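Undergrad: Below are the sequence and a predicted model for it; my questions follow.
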Amino acid sequence: MMKFAEFGRFYAIAHTFLKYGLDELVPYEHLPLGSRFARKALFWMRNEHPNMALPERCRLALQELGPVYIKLGQMLSTRRDLLHPEYAAQLALLQDQVKPFCGELAIEQIERYLGHTVEEIFDDFDVVPLASASIAQVHTATLKQDGRAVVIKVIRPGIEKVIKADVQLMKLLAQIVAKYAPEADRLRPVEVVEEYEKTIIDELDLMREGANAIQLRRNFEGSKELYVPEIYSDYCTHKVLVMERIYGIPVSDIAALEAQGTNMKLLAERGVETFFAQVFRDSFFHADMHPGNVFVSREHPEDPMWIGIDCGIVGTLNKEDQRYLAENFLAFFNRDYRKVAQLHVDSGWVPIDTKVEEFEFAIRAVCEPIFEKPLSEISFGHVLLNLFNTARRFNMKVQPQLVLLQKTLLYIEG
């Protein structure tokens, strides 16, 4: 039985969906008789943006529904194996910009979970947050014990309850879409929401994020390529994370990187090397490398080092997937499209009855024009998206173990 608060939220979601005309995602003729009657009964809820394309309306609706739906949209934007390009492009524009919660409340949360007052552990605690996102926000301080500069990440109070309630409603909506949407078999909405639930619930556990950061830091210990800030485990709980403060330049700030004389060629090379080391050497890769989580050290710009933060989402691959991926890369760069097609069949990524010759021809049509361009003009991300769209035509199955890798490849390209 739906509780009153849940019903209120469900009504707000339905109102937003109808206001942006998202009922068009499930054509009227596919609705059962009862749903058609309900749609007509809500005659006052009409599409207020009839001149706007449906993909853009999807983005605006998710943005209006708040943090949980924004993060869902961000995740969906990386699922080029599921979404048409125009939808993925719009959802990629979603920004996780959330107003900070009160600094005094943050102090209460920190003290509650650490079991000590802020003054007992930290000096120079800044009540104004350094950054704020949908699940947590970050404050700066120094450790009273030795004066090291740190950042304190604290989970938003009450966000777990909000997330769980919204995810339950998402599941209900996904079941409706799965039953009535024309492309439900391919889109697999219920599985997508379940995958999202696991990802976002994992992000609520800062001990998990801390453990991931410790592992990634150990994997690159002594490296000149990637630096991962130290986690101070003595001050960490499931809701509070204390880590070394870094002072890098955001990777998106090209002007600042150039102004300090950063060796951009070497930086790019190390970015690629770091990614392949994580995937093929360690099988443990940072899977949320958007510009807000990637910095460049201010030290030694002629010998630049990447800095990675926020390890809440990481990915792993088994030996078999690693081998298939490596062979795919080699076949692609050798322009052996028959082998690329055959590898997709052998790995089970496309159905066993796929006609390899037809698949090979489709891959060739996407990739061959790329090699006619100078390397500087080739967008590997663009090639990847075209390959996803091609594979989708051949009923490529969703590969959960590759989803995070696909997203990371797009971020690396950016």
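TA: Received, thanks. Numbers count the residues shown, from 1 in each chain.

Undergrad: pLDDT weak spots in the chain?
TA: 1-7, 24-48, 78-82, 95-97, 181-187, 375-386, 388-389, 397-404, 406-407, 409-414 (pLDDT under 70).

Undergrad: end to end, how far does stretch 248-262 reach?
TA: 12 Å (CA to CA, to the nearest Å).

Undergrad: For that stretch, which residues meet the burial criterion?
TA: Across stretch 248-262, burial judged by 16 or more other CB atoms under 10 Å covers 248-249, 251, 257, 262. From N, CA and C alone the C-beta is placed, and that goes for glycine too.

Undergrad: Mark which of the residues you listed are part of helices, please.
TA: residue 257 (DSSP state H).

Undergrad: Now intersect the buried residues of stretch 248-262 with the strands, please.
TA: Using DSSP state E, the subset of the buried residues of stretch 248-262 located in strands is residue 249.

Undergrad: which one of the buried residues of stretch 248-262 is nearest residue 295?
TA: residue 248 (3.0 Å; CB to CB).

Undergrad: need the helices for the stretch 51-200 of the chain, in chain order.
TA: 54-65, 67-77, 85-91, 103-114, 118-121, 159-180, 184-187, 189-203 (DSSP state H, counting those that start in this stretch).

Undergrad: Single out the most deeply packed of these.
TA: Among those, helix 67-77 has the highest mean neighbour count (mean count of other CB atoms under 10 Å), at a mean of 21.

Undergrad: So what angle separates the directions of that one and helix 159-180?
TA: Following axes from the mean of the first three to the mean of the last three CA atoms, to 10 degrees, one obtains 50 degrees for the angle between helix 67-77 and helix 159-180.

Undergrad: I'd like the distance from helix 67-77 to the chain centre, please.
TA: 8 Å (CA atoms, centre = their mean, to the nearest Å).

Undergrad: Touching that helix from outside, list them.
TA: The contact list for helix 67-77 (CB atoms under 8 Å, 6 or more residues apart in numbering) reads 58-59, 61-63, 82-83, 87-92, 94-96, 98, 133-135, 159, 162-163, 166-167, 170, 192-193, 196, 199-200.

Undergrad: Let me know the closest of the buried residues of stretch 248-262 to residue 216.
TA: The closest of the buried residues of stretch 248-262 to residue 216 turns out to be residue 248 (CB to CB; 15.9 Å).

Undergrad: ok, that closest one touching residue 298?
TA: Yes. The criterion here is CB atoms under 8 Å, and residue 248 meets it with residue 298 at 6.3 Å.

Undergrad: Tell me the spacing between residue 217 and residue 307.
TA: For residue 217, the distance to residue 307 equals 11 Å [CB to CB, to the nearest Å].

Undergrad: so what's in contact with those two at the same time?
TA: 228-229.

Undergrad: between the helices of the stretch 51-200 of the chain, which gets nearest to residue 352?
TA: helix 184-187 (17.9 Å).

Undergrad: what distance separates stretch 134-141 from the middle of the whole chain?
TA: 19 Å.

Undergrad: show me where the stretch 201-350 of the chain has helices.
TA: Listed in chain order, the helices of the stretch 201-350 of the chain (DSSP H, counting those that start in this stretch) span 206-219, 254-259, 264-276, 319-333, 337-346.

Undergrad: Adding distance to residue 368, write those helices out as TSV.
TA: What follows is the helices of the stretch 201-350 of the chain, written out as TSV (distance: least, CB to CB, whole Å):
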stretch	distance to residue 368
helix 206-219	37
helix 254-259	32
helix 264-276	23
helix 319-333	11
helix 337-346	8
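
Undergrad: quick one, which of those is nearest to residue 175?
TA: Of these, nearest to residue 175 by CB to CB is helix 206-219, at 28.7 Å.

Undergrad: buried set for that closest one?
TA: Quick answer for helix 206-219 (16+ other CB under 10 Å): 206, 208-213, 216-217, 219.

Undergrad: repeat for stretch 349-359
TA: In stretch 349-359, counting by 16+ other CB under 10 Å, buried: 349-350, 354, 359.

Undergrad: What of stretch 227-247?
TA: 227-229, 231-232, 235-237, 239-246.

Undergrad: Please identify which two of the residues you listed are farthest apart in space.
TA: Within the buried residues of stretch 227-247, 227 and 239 form the most distant pair, 26.0 Å apart (CB to CB).

Undergrad: on that earlier part again, closest to residue 336 out of the buried residues of stretch 248-262?
TA: Out of the buried residues of stretch 248-262, the member with the shortest distance to residue 336 (by CB to CB) is residue 251, at 33.4 Å.

Undergrad: Leaving out the residues flanking it, which one is nearest to the closest one?
TA: Take residue 251 and drop its neighbours on the chain: the residue closest to it by CB to CB, 6 or more residues apart in numbering is residue 294, 4.5 Å away.

Undergrad: which residues does that neighbour form a beta bridge with?
TA: Beta-bridge partners recorded for residue 294 (DSSP bridges): residue 308.

Undergrad: Tell me which residues touch it, please.
TA: Residues touching residue 294, when contacts are defined by CB under 8 Å, 6+ apart, comprise 250-251, 306-309.

Undergrad: that older thread, take the buried residues of helix 206-219 and lay them out in a markdown table including distance to residue 274.
TA: Formatted as a markdown table, these follow (distance: CB to CB, whole Å):
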| residue | distance to residue 274 |
| --- | --- |
| 206 | 24 |
| 208 | 22 |
| 209 | 19 |
| 210 | 21 |
| 211 | 20 |
| 212 | 16 |
| 213 | 15 |
| 216 | 10 |
| 217 | 13 |
| 219 | 10 |
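
Undergrad: Which parts of the stretch 301-414 of the chain are strands?
TA: Assigned by DSSP state E, counting those that start in this stretch, the stretch 301-414 of the chain shows strands spanning 306-308, 314-315.

Undergrad: list the helices and strands the longest one packs on?
TA: Packed against strand 306-308, as judged by 3 or more CB pairs under 8 Å, 6 or more residues apart in numbering; DSSP states H and E, are the following elements: strand 226-227, helix 264-276, strand 294-296.

Undergrad: What of the last one?
TA: Strand 314-315 is packed against helix 206-219, strand 285-286, helix 400-413, with contacts defined by 3+ CB pairs under 8 Å, 6+ apart.
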